[in-house]
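In: Just a sequence and a predicted model for now, questions to come.
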Amino acid sequence: MTKNNLTGKKALVTGGASGIGREIALGLAEAGADVAVHYGSNKTGAEEVKEKITNMGRECVTIQADVLKTDEVDQLFTAMREEFSSKLDILINNAGNLVKRSSIEDMSEELWHQVMDLNVTSAFLVSQRTIPMMKENGGKMVNITSLAAQNGGGPGACAYAASKGALMTFTKGLAKELAPHITVNNVSPGFIGETAFHDTFTSDEGRKNTVNSTPLKREGTPKDVFGAVYYLVSEYGDFVTGETIEVNGGVLMR
């Protein structure tokens, strides 16, 4: 990494209090950016990230919002504008979740909409409000999708896979719409350890089986995901848009 390559840049990371979002927020700050860390309910985690970022000498603000509610997304951007003087260079749409495993046969309509809204509508609402802040000077958007978008996901994850597939397509359309001054790309993690996602939804046996079937023979880490994000938001990714970078240890090769 080029040290301080992102100096002077302002970034927003949704779902930045833990897991992949936390690592992205810290990595962006280490590379020189000031960071707004959005969180839904994990205030403690967000404040811990803020402390680490400010100790690096960067600006950081933590902002709580339900990114499924328009008024709260508006409040999120109002707070961010006050902190960053209406400047935003980097958006990471990381907020999202499986919610719970359920077959389509047994899934309630309420759960279906919850999963789709959490993984797609949230990215729409946040991206829409980011565009005016990037139009003048350009910017970089990265959406965190999933290997599930490509392979349909594991048991009970059909809705999640569909939502991440929709997000992947949303990215391509938005990349065309916002070119040439704003780039929009996906980073698609496979099995990433050290996250609450797999602590919640994946059994020990499932973890072992996944590692055994992964060519690189290990779980990914949040830092592996950040590496792909950094490439896209730095100068090295200036000529890349509408693309998906798979971070899965060789499980899916295209």
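Out: Yep, that arrived.
In: Quick one: the helices in the stretch 51-200 of the chain, in order.
Out: 70-84, 109-116, 122-134, 148-151, 158-178, 196-201 (DSSP state H, counting those that start in this stretch).
In: what residue ranges in the stretch 151-254 of the chain are flagged as low confidence?
Out: 195-202 (pLDDT under 70).
In: mind redoing it with 80?
Out: Within the stretch 151-254 of the chain, the stretches with pLDDT under 80 are 194-207.
In: what about the nearest residue in space to P215 that is not next to it in sequence, which SS state?
Out: In this structure, P215 finds its nearest non-sequential neighbour in G250, 3.3 Å apart by Cβ to Cβ, 6 or more residues apart in numbering. Every C-beta, even on glycine, is put in place using the N, C-alpha and C of the backbone. Put simply, G250 is coil when judged by DSSP: H, G, I helix; E, B strand; the rest coil.
In: Go ahead and confirm G250 touches L216.
Out: Yes: counting by Cβ atoms under 8 Å, L216 is a contact partner of G250 at 5.5 Å.
In: re earlier: can you tell which of the helices of the stretch 51-200 of the chain is closest to L232?
Out: Counting by Cβ to Cβ, L232 lies closest to helix 158-178 out of the helices of the stretch 51-200 of the chain; the figure is 11.2 Å.
In: Work out the gap between that closest one and the centre of the chain.
Out: 13 Å (Cα atoms, centre = their mean, to the nearest Å).
In: which helices and strands sit right next to that helix?
Out: Under the contact criterion of 3 or more Cβ pairs under 8 Å, 6 or more residues apart in numbering; DSSP states H and E, helix 158-178 touches helix 109-116, helix 122-134, strand 139-144, helix 148-151, strand 182-189.
In: Residues in contact with it: which ones?
Out: 93, 96, 98-99, 102-104, 107, 111-112, 115-116, 118-120, 123-124, 127, 131, 134, 141, 143, 145-146, 148-153, 183-186, 188, 241-242, 244 (Cβ atoms under 8 Å, 6 or more residues apart in numbering).
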